[in-house]
Structure formats: C-alpha cells, structure tokens
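fold the stuff below for me.
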Amino acid sequence: MIVKIFRAGATFKAITYNFDKIAKGQATLMKVSGFGALRHLHEVRPEDYRNYLEVLSGLNRNVRLPQFHAMISAPDHAIDNDKLAKLAGQWLDRMGYKDQPYILVHHRDTDQSHVHMVSTRVDRAGKKIDSAFEYRRAVNQLNHLLQKDEAHQAQLDAGKALQYQCSTKAQVLLLMEGMGYQVREKDGELLVYKFGRQLFAINEKRVDECLAAFVPDKSQAIRWKAIFDKYRAFYNAVPERSIVSLSGGRTSPTGPFRSDLSDFLRKEFGIELVFHASGNKPPYGYTVIDHLQQRVFKGSEIMKLAVLVGPDSAVLKHGIPESQTVETAGHSAKNTQLTYFRPYLANDIDDQQIHGPRRRRQKKARTNTR
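Prediction:
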C-alpha cells in the first residue's frame, strides 16, 4: 500500500483532473464530505466543488498554495473499492482533514487500484491545516491503519539481507538500501532508518558473522559471465538515467542508472545490476545481486564494466527471437516470482582502492567499498 501527497497548488486543478477521469469512464466518485449547502442542489457540477474550496481557502490569503491532493494506492485489486475509499477517509481524518470538505475519487485507469483525495489546506476558522513533517506523518498514519509494525518489518528485512552471501559490509548495506532503508554506523551498530526515524539497530558482530560465512562461487560467476556476454549482443548494456522535463524547456537526469540489458536480466533471471557513480558522471563500477541464489558479486568478478558496455555490445530492434529459450543452470526465466530490491546509491559512494590514497592526502574520511 502506497500513499502519495502531490505538490500543493494555488488553484484546484485536481478537481478538474478527477472529474475529467469520471467523464471518460476511468474513475468513480466514491464520497463527497463537508460541502455544506451544495448537498441541497439538484445537480452539483465540478465547478461548484472548485468554487466552494476556493471561497473557503480565501479565508486565509497567507496560504498561497491551498490545494491538498493525495492518493492511496493498493498493490492490486485485492482490496475492493469501498474498503479502499473507507481507508482513505480514515487516513484523511488522521491527517487533520476530518472536518474539511473533500472528495474521494476511485481511479481504475491503471493496474493498481487507487483513490484520489482533494481538499483545502485552510479550515473553516481560516487556519492552515498542519503540514509539518507531512510525508512522514502520511506514511506513519497509513501504516497505523494497516496495523503494520514498521520496526518489526525492519528486523525481518535485515534478516533477509543477512541471509545473502556477501563478501563486504558495504554489500549488506546495499541490500538494505535497496529495501528503502538508510543505514548509519555508530558505536559498533548499524542504525536502520526509514520513514524519517530509527527503527532498528543491527549489532556489527552479526554482520561480521555473515561475512565470515562467505564462500566464493567462481563457477556461478563464470556462468553469469557467459549469460552477460550472450545477451549484451541483443540488449543495450550502456547504463543511463531517466530524463525528466523541467521548466523553460530544460531537462535533467534522475534516478538510478539502468540499461536495457539490466532490465532484461532482472526480469528473466532475477539478476540485478546496481551501477555506482559519482554525481552526474558515468558509472565507474557495478554490483551484481543474484536474488535466486541470494548472492552478491562485485561486478568485476563477472565482467569488467568497460567490457560489459564495450563496442561489441549491440542493440537489436526486435530483441531476442521468441523461439529462443532463456534458461541457465538452476535458473528458469518463466517460472520465477521475485520481489526485487530497488537500490539507489548515494552519489558520494566510491571505491576505496582507487580513491583511498587521494583521500588520505586530503585528510578525508574513508567510505565503504562496494
């Protein structure tokens, strides 16, 4: 279950957006609450809701962005529309919008069932609804309604990460980062953070025990090298970031690096390639996570990055012929259901062996190797 609060707006365009979806048959108006005299109208138009919210917002001209627009999304259609709308209403109550006018609109234009909520950040007394730590409170309140124990889940996820065969502490941290956690080292412990607060602490001795149990698997590395070498002839292996449009016609790269080859390997083999880069520079290395065998490799153990993205890597417009079977020893391409990590590395993570001497000359702190 996911909650998202959209950027506040000066006007109530979210009303138009949601009712356009309704007009196209892609959404359903589930609930209208707190609109007072509008309930006596024979027919209420979208502009009536918008005008009502604008008039109420006018009670406090200091609030220049009064529109409140949020969404709660379920991972599938396992939760019916009425239960999802009820959950959204309860969430709004906990976020301070219980007595506010709002609409709930259920959208069915994607594979994920989701409800949009639109209201105003100005209450009937002209005071602004509290928005301090809004995102953190949004997630915490949703988890509370779902009776989800965040600290317990962090412990379970840490246990999963420590089951992987890792050769360095940094690889363990990479797995935790991939599950959405931030990890800080302090006084012999790894402090695990999520939702803006500390949830759990891992004793570093436990991590050391995990690393001590590491056994290299050169045969598996050789198999993956053959797979990489085979399919980089069909899929573009050059890592790149997504491009987002900015105001003034500008564009900017965003998110982690990925490639057509890495997307294919993740989908078909449960193999995740995590590229390491500094700032907007091209990646200087990568890590390979084998989720089926629960093993982490340094990319260079399988294939050096320069070779992986080398000139003999080609792109075929039509991909791999359907007649080709995509299998390797112990791995099936079609019968595997996985929950993948989605790592995003901080930009300042680099390689100690390469950059360590320069850091020591500049008296900078050491960072972990991947």
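
can you pull out the helices in the stretch 151-300 of the chain?
Secondary structure of the stretch 151-300 of the chain (DSSP state H, counting those that start in this stretch): helices at 169-178, 204-212, 218-231, 260-269, 299-302.

can you lay out these as TSV showing mean neighbour count and distance to Gln163?
Any C-beta I mention is one placed from the backbone N, CA and C, and that applies to glycine too. Formatted as TSV, the helices of the stretch 151-300 of the chain follow (neighbours: other Cβ atoms under 10 Å; distance: least, Cβ to Cβ, whole Å):
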stretch	mean neighbour count	distance to Gln163
helix 169-178	22	10
helix 204-212	13	8
helix 218-231	16	17
helix 260-269	20	19
helix 299-302	20	20
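
can I get these in a markdown table including mean pLDDT and distance to Phe6?
What follows is the helices of the stretch 151-300 of the chain, written out as a markdown table (pLDDT from 0 to 100; distance: least, Cβ to Cβ, whole Å):
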| stretch | mean pLDDT | distance to Phe6 |
| --- | --- | --- |
| helix 169-178 | 93 | 26 |
| helix 204-212 | 92 | 39 |
| helix 218-231 | 94 | 39 |
| helix 260-269 | 94 | 28 |
| helix 299-302 | 94 | 37 |
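
to Asn143, which of those helices lies closest?
Of all the helices of the stretch 151-300 of the chain, helix 169-178 sits nearest to Asn143, with 18.7 Å by Cβ to Cβ.

now do that closest one against helix 204-212, angle only.
Counting by axes from the mean of the first three to the mean of the last three Cα atoms, to 10 degrees, helix 169-178 lies at 110 degrees to helix 204-212.

for the remainder of this discussion, apply numbering that starts at 33.
Will do, 33 is the new start, and the previous item becomes helix 201-210.

hey, C-alpha coordinates of helix 201-210 in CSV?
Taking Å, rounded to 0.1, in the frame of the first residue of the first chain, the C-alpha atoms of helix 201-210 are listed here in CSV:
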residue,chain,number,x,y,z
LYS,A,201,29.9,-4.9,4.8
ALA,A,202,29.1,-2.4,2.0
GLN,A,203,27.2,-5.2,0.1
VAL,A,204,25.0,-5.8,3.1
LEU,A,205,24.3,-2.1,3.3
LEU,A,206,23.5,-2.1,-0.4
LEU,A,207,20.8,-4.7,0.2
MET,A,208,19.3,-2.7,3.0
GLU,A,209,19.3,0.5,0.8
GLY,A,210,17.6,-1.5,-1.9
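
poorly predicted segments of the stretch 83-232 of the chain, please.
Counting by pLDDT under 70, the stretch 83-232 of the chain shows low-confidence ranges at 108-110.

strands of that one, start to end?
In the stretch 83-232 of the chain, the strands defined using DSSP state E, counting those that start in this stretch lie at 99-105, 134-139, 146-152, 214-218, 221-226, 229-235.

could you chop this protein up by domain?
34-177, 182-244, 250-394 (automatic domain parsing).

can I get the helices of the stretch 183-332 of the chain in a markdown table with distance to Val64?
Listed next are these as a markdown table, based on distance: least, Cβ to Cβ, whole Å:
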| stretch | distance to Val64 |
| --- | --- |
| helix 201-210 | 41 |
| helix 236-244 | 53 |
| helix 250-263 | 53 |
| helix 292-301 | 42 |
| helix 331-334 | 54 |
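
among those helices, which comes closest to Asn50?
Smallest distance to Asn50 across the helices of the stretch 183-332 of the chain (Cβ to Cβ): 32.6 Å, for helix 292-301.

so how far is the closest one off the chain centroid?
18 Å (Cα atoms, centre = their mean, to the nearest Å).

what does stretch 217-228 give?
The answer for stretch 217-228 is 20 Å, by Cα atoms, centre = their mean.

may I see the buried residues of that stretch?
221-224, 226-227 (16 or more other Cβ atoms under 10 Å).

for the residue nearest to Val204 when sequence neighbours are not counted, list the residues it contacts.
Leaving aside its sequence neighbours, Val204 sits nearest to Cys198 (Cβ to Cβ, 6 or more residues apart in numbering; 5.2 Å). Cys198 makes contact with 204, 207, 242-243, 246, 328, according to Cβ atoms under 8 Å, 6 or more residues apart in numbering.

same question for His148.
By Cβ under 8 Å, 6+ apart, the neighbours of His148 are 46, 50, 59, 101-103, 136-137, 139.

between those residues, which has the most around it?
Val137 (26 neighbours; other Cβ atoms under 10 Å).

ok, now how distant is that residue from Met62?
Using Cβ to Cβ, to the nearest Å, Val137 is found at 6 Å from Met62.

what is in contact with these two at once?
Residues touching both Val137 and Met62 (Cβ under 8 Å, 6+ apart): Val147.

how many residues are close by the nearest residue to Leu177 once chain neighbours are set aside?
Leaving aside its chain neighbours, Leu177 sits nearest to Gln122 (5.7 Å; criterion: Cβ to Cβ, 6+ apart). By other Cβ under 10 Å, 15 other residues sit near Gln122.

repeat that for Ile135.
22.

against Arg126, how distant is it?
Applying Cβ to Cβ, the value for Ile135 to Arg126 is 18 Å.

and what of Thr286?
31 Å.

what about these two, which has more around it?
Neighbour tally, Thr286 and Arg126, criterion other Cβ under 10 Å: the higher count belongs to Arg126, 15 against 9.

which residue sits closest to that one in space, ignoring its chain neighbours?
Residue nearest to Arg126 in three dimensions, not counting chain neighbours: Gln173, with 4.3 Å by Cβ to Cβ, 6+ apart.

done for today, thanks.
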